[in-house]
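Colleague: Next one to model:
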Amino acid sequence: MPQEMEPARKRKSSPVWEYFELTAHNKVRCLLCDTLLTYSNNTSSMFRHYRALHKHAQPANRPDTSQSSRKAMVDEAVVNMVIKVSQPFSVVKDVGFRELMHIMDPNYVLPSRKALKAMVDIKYQKAREQVQ
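Modeller: A predicted model of the protein is given here:
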């Protein structure tokens with residue numbers, strides 16, 4: 001998979017990364033106002049910028065969701081894609097699909113083939129109960 005420019009552990013540990021993207025090894029861009037800031041391997045300037053200008057804002061390209069509800073939404077979308085376009089459960093092991101999902105959300109962890117099958121089975125059972 002392609003290397004990310006931003007450090008993975010910092011991205012995961014700081015909620016401020018929801019509002020910024022790394023554009024160069026020492027520059028970040030605010031997703032709310034496109035301001036470029038210097039990045040020195042910490043998020044202090046990003047927090048200062050956010051608190052001063054965007055205290056109650058949400059990123060324009062992301063809904064207001066927690067990480068777990070975001071994962072549930074993406075899992076549901078993957079399940080729907082598998083059902084609607086008749087993909088095999090092994091699609092989650094496909095290199096191209098994994099790269100696409102990584103680009104869309106670097107923090108998202110794809111379910112295993114068995115977990116995906118279980119999710120499809122649950123969706124099927126719910127749909128079946130609604131019909132009866």
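Colleague: Low-confidence stretches in this protein?
Modeller: 1-12, 56-67 (pLDDT under 70).
Colleague: Let me see the ranges of the helices in it.
Modeller: 8-13, 44-53, 67-84, 95-104, 113-131 (DSSP state H).
Colleague: how much space is there between Cys33 and His25?
Modeller: 22 Å (C-beta to C-beta, to the nearest Å). The C-beta positions use only the backbone N, C-alpha and C, and glycine is treated the same way.
Colleague: between these two, who's got more neighbours?
Modeller: Cys33 (12 against 9; other C-beta atoms under 10 Å).
Colleague: who's in contact with Met81?
Modeller: The neighbourhood of Met81, defined by C-beta atoms under 8 Å, 6 or more residues apart in numbering, consists of Gln87.
Colleague: For it, give its distance to Ala72.
Modeller: In terms of C-beta to C-beta, Met81 sits 15 Å off from Ala72.
Colleague: again with Asn41
Modeller: From Asn41 to Ala72 the distance is 32 Å (C-beta to C-beta).
Colleague: Comparing the two, which shows the higher neighbour count?
Modeller: The residue with more neighbours, out of Asn41 and Ala72, is Ala72; 12 against 8, by other C-beta under 10 Å.
Colleague: Alright, that wraps it up for me.
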